[in-house]
Structure formats: structure tokens, C-alpha cells
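[1] Sequence first, then the predicted structure, then my questions.
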Amino acid sequence: MSLICKAALADGNGGFIIDEIEINEPQADEVIVKMMAAGLCHTDHDSLRWGKSLVMGHEGAGIVFKTGKDVRGIAPGDHVILNWATPCGFCFQCLEGNQHLCENNSPVVAGANGYTPGHAHLQGTLWKGQPIERSFNLGTLSEYAIVKSSAVVKNTSKQMPFDAACIISCGVMTGFGSVVNAAKVKSGSSVVVMGTGGVGLNVIQGAKISGAAKIIAIDVNAQRLEMAKQFGATHIVIADRADTGLLKAAQQVKELTNGRGADYAFECTAIPQLGAAPLAMIRNAGTAIQVSGIEQEINIDMKLFEWDKIYINPLYGKCRPQIDFPILIDLYERGSLLLKELITRTYSLKDLGKAFDDMLNGRNAKGVVVFD
């Protein structure tokens, strides 16, 4: 028997509506999740202009409602976190340990090779009687979501609320994983974080948990920099919007790091003009990490690479969901990872427009839609 529920639907031309959708019985390897909370990020707003109708949302946490006959390890009633980068387990990248780069399932990587979300079971979700795609094969901005079992990670925490759990699956994982999995920040090192929004704050948390001795936060927003201190920043630098490439800020970083520059610098601004800025912040043989997913063409002065500097562009913190999510859950339970503190506001689904407005105008570190 199918379910009727409300969901946020993008029209592909910049708008969205809240309307009823129909969710059919799960196939053998699928799970229906009653959504309890869904995080919001700029990707969700971008999805309004992807040229097609779809069920929105790619961050979420909820309760398993029903499972397909072949699903193991997950049962109705389990609390779960959804993961948008679903590994297949047998392609070249998965076998190399790069589950986040799955060549068969990743909406980001496989999309460059002609992938379409039709790879998922489109008949699982209907709108006005016709199949409708789900953002990143999830569609978490819905009262119920049908997903592959490989997109589900059990949340074993007895104390983590759903609004905190839902943000793990994108911004928290991206920031934390960029530090721990990609850069492999060393204890006692110096770290610069440019941009202290949701992802940047999680880079700061990852650096603190990794034992970085000096964590320098850079932003134009003084209020956000104060928040950065709560998450582990030891020093703050207020940037000037007129500071091209943040070169003046880089001088302040050098003054804080014995004149040579930081060991690691993370770009979390999503501003294309700052794509090369982390190179100006690091010492010779330091590592620059572009976290925010800049894809535009930019010009780089090659002298910024002198000498022996490394520049990396990791996707999703090199996430291995069944390994990394339990680590994050454990850190939360031990009080080392802040999650609730990241959430500025919660909204109902009908207030999604207000949530997007707050996000786009920088009022939130993180906004979350909470379902009844």
C-alpha cells in the first residue's frame, strides 16, 4: 500500500511548492524512512534551478518505517541518518577505498559521465501519478523518503536529537572529513580556516579534535568569528572585502605563525575569487585545501605554489558513511563534537521559503526543517 505525504518540490526554474506525493512499496533493497529533520544548505537552493522537477533535500535523519525483503541490519523503528554519496561497493573507486567517488552511484562523480538520478527507483516516488526524481536519490524535504538501503546509516546514539543528527550527512562530514580524512591534520600543527559558516565551523571542530595547536579563523563577519571561538578557534582575523585574494589577511597569518605561514589552510567561503587564497596562507611545503566546491574557472599566480606546496580539492570529506558516521556519533556522545550549537533556527516545511531567505542572507550557521 502506498503512502501519501507532503514534500517540497522544485520546479526546475527557480521556484518550489509544497504538495502531496505518493511513495510506493519499497523494492527488495530499499527503505522507507519517516523523516524527522532535514538540514538545509546552498545545494538545496541550487536545486531549484536544475531544469527539472524533483523532491528536494539531501540531508536528513529519521525513523525506519518499512524495509524491502533483502535489507539486513536495519529494521522498522531504527533511528537512521541518510547519506547522499551512496557507495556501490564494487566499482574501481569503491575498491580503492574512495567510496565518496563511487562511479556508479555518486550524483556528483557519475553525473560528469552522463549519470542521471533515474539510476534510483523512480517509480518509488510519484507526483500527480507520474514518477518524480529525488534530489541526490534521497529527497529528504518530505515527510517520508524512499532510499536505497546503502544510503542508510543506523544512529546508535541514545541522546542525539534528530535535528542534530540530520546535519551530520553533509556540512559536518564535509568539514570534519576534510581535516581528518583528506588533509590528515597533525597534532600540534597550525591551521587557517577561511569562512566560518556551517562547513567552516566543522573544519574548526575537526582541527581542534585532531589536536591542532593554533586555529586561525578568517571571516568578514565579526559575529561569526565570535562563534568560531566557541568551536575551537584560538585566533581570529577580520577580513576586508576589498582585500583581493586575502593577501593582507595572509600577512596577519604569517605574523601569527613565526613568519612562515600555517601548516594547513582550508577555503570554506565558496567564493571563486578566493580559490587560491589558502595557498597564500601556508608555509613552504604546507597544504591548502579547497573545501567549498568551487567549480568556476579562476586565475592563479603560480608563485603562490612556491615552494613544495600541496593543493587538494576533496569531495565530501572523503566520506565512508558506515565508518565515519559512527565516529561522529561517538564524538558527539563524548562531548567533543558540537551539533546542536550549529543550528541557528528550525523551521516547519511550510516555512521553507523563510529558511532559504535566512540562509542566503547569512543569518544562520545552519537551518533545519523539523517534521511533526
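    Okay, I see it. Numbering: from 1, shown residues only.
[2] Listing request: residues of this structure with sub-threshold pLDDT.
    For the chain, the stretches with pLDDT under 70 are 110-122.
[3] Show me how the record splits it into domains.
    Recorded structural domains for the chain (assignment: automatic domain parsing) are 3-160+339-370, 175-314.
[4] just the strands in the stretch 251-372 of the chain please.
    Assignment of strands within the stretch 251-372 of the chain using DSSP state E, counting those that start in this stretch yields the ranges 262-267, 282-290, 310-312, 345-347, 367-370.
[5] for those strands, which one ends up most surrounded?
    The highest mean neighbour count among those, using mean count of other CB atoms under 10 Å, belongs to strand 262-267: a mean of 28. Where C-beta positions appear, they are placed from N, C-alpha and C, glycine not excepted.
[6] Only C-alpha atoms, please: export that strand in PDB.
    Below are the C-alpha coordinates for strand 262-267, written out as PDB (Å, rounded to 0.1, in the frame of the first residue of the first chain):
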ATOM      1  CA  ALA A 262      50.400  27.900   8.600                       C
ATOM      2  CA  ASP A 263      50.800  24.200   8.100                       C
ATOM      3  CA  TYR A 264      47.300  23.900   6.700                       C
ATOM      4  CA  ALA A 265      44.800  26.300   5.200                       C
ATOM      5  CA  PHE A 266      41.100  25.500   4.400                       C
ATOM      6  CA  GLU A 267      39.000  27.500   2.000                       C
END
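[7] centre of the chain versus that strand, how much separation?
    Offset of strand 262-267 from its chain centre (CA atoms, centre = their mean, to the nearest Å): 19 Å.
[8] for residue 205, what are its contacts?
    175-176, 231-232, 337-338 (CB atoms under 8 Å, 6 or more residues apart in numbering).
[9] Neighbour count and distance to residue 300 for those residues - can I get that in TSV?
    Listed next are the contacts of residue 205 as TSV, based on neighbours: other CB atoms under 10 Å; distance: CB to CB, whole Å:
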residue	neighbour count	distance to residue 300
175	29	24
176	27	27
231	25	30
232	20	30
337	24	34
338	19	34
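[10] Inside helices: which ones of the residues you listed?
    Restricting the contacts of residue 205 to those inside helices, with DSSP state H as the criterion, leaves 175-176, 231.
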